[in-house]
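A.B. asks: I'd like to go over a predicted model; first the sequence, then the structure.
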Amino acid sequence: MHTASSPGVSRPIPPERRLRVAEVRKTQRITPHMQRITLASAAFIDFPVRRPAQWVKLFVPTPENEKPSGRAYTIREFREGLCEMDVDFVLHGDGPCSTWAQAARPGDVAQIAGPRAGFQPDPDLSHLLIGGDETALPAIGSILEALPAGASADVFVEIPVDADAQLISTKADVEFTWLPRNGSEPGTTTALAEAMMAASLPQENSFVWFAAEAGVVRTLRRHFLLDRGLERSRMAMAGYWKKGETDFRDREDTP
């Protein structure tokens, strides 16, 4: 029997939507266009981070003291015993969260809701084809660090300049290809899409993971589904941003 909820009775807030206050513990410029912020909070004691590439909604104060601005960010690393996490921010010169990260100092405060989603590879997975631009690097690093010995991956990453390449530790056999734009605007080059479409992919026990500008993602999703005949269950693709939009949300898929 279905009963309507009583007027005036509030429903409990789902754990992933609960806001937790966190404090900046450390900041580090890891490459010319990437800033790592270490956030700490006693509220992280029961934070359910269980797999790589999970993301949180981060809310930061704005200079006008209006409603905090929120964006989705990947958890680069979570250290449960220390109740702290690392979040990497692309410094692209605009946007409230990027601006906040560039100026953040220990003691600054932000709010976090999550975590959500993440990548849970099949235990039988033996090969990954991974690609993305710099916005996907935190998720890519998290996934590669979680891969076991015996797995392999071909990784293609578009970055602003050569110095934005990162050292990522992994037990898997990984071959990196870094694709610097060297002055070209994000979302205007074709090298990343071309590299992904030219890459070989084993017929069995393989998976494609990709995240970048929405138009590039749409092109590659069509390529692997229609041209390669890859089953949708063997890929995860998401538009992390869209050229010309300030707060794009991809409804098609999530990585």
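C.D. replies: Received the coordinates, thanks.
A.B. asks: C-alpha only now, for contacts and for neighbours.
C.D. replies: Noted.
A.B. asks: Return the residues in contact with Asp162.
C.D. replies: 178-180, 182 (C-alpha atoms under 8 Å, 6 or more residues apart in numbering).
A.B. asks: which residue ranges form the strands in the stretch 1-150 of the chain?
C.D. replies: In chain order, the stretch 1-150 of the chain shows strands spanning 20-31, 34-40, 55-60, 69-79, 84-90, 109-116, 127-132, with DSSP state E, counting those that start in this stretch as the criterion.
A.B. asks: Does anything pack onto the least confident helix or strand in the chain by mean pLDDT? Which helices or strands?
C.D. replies: Across the helices and strands of the chain, mean pLDDT, DSSP states H and E gives its lowest value to helix 96-103, namely a mean of 91. Using 3 or more C-alpha pairs under 8 Å, 6 or more residues apart in numbering; DSSP states H and E as the contact criterion, the elements in contact with helix 96-103 are strand 34-40, strand 55-60, strand 69-79, strand 84-90.
A.B. asks: Quick check: which of the ones you listed is nearest to Ser126?
C.D. replies: Taking C-alpha to C-alpha as the measure, the helices and strands packed on helix 96-103 were each checked against Ser126, and strand 69-79 came out nearest at 23.0 Å.
A.B. asks: buried stuff in the closest one?
C.D. replies: When neighbours are counted by 16 or more other C-alpha atoms under 10 Å, the buried residues of strand 69-79 are found to be 70-78.
A.B. asks: Adjacent strands (with direction) for that strand?
C.D. replies: The strands beside strand 69-79 in its sheet (DSSP bridges) come out as strand 55-60 (antiparallel), strand 84-90 (antiparallel).
A.B. asks: Tell me which of the ones you listed sits nearest to Ala101.
C.D. replies: With C-alpha to C-alpha as the criterion, Ala101 lies closest to strand 84-90 of the strands paired with strand 69-79, at 6.7 Å.
A.B. asks: pLDDT of that closest one, averaged?
C.D. replies: Model confidence over strand 84-90 averages 97 on the pLDDT scale.
A.B. asks: any idea of the angle it forms with strand 34-40?
C.D. replies: With axes from the mean of the first three to the mean of the last three C-alpha atoms, to 10 degrees applied, the angle from strand 84-90 to strand 34-40 works out at 160 degrees.
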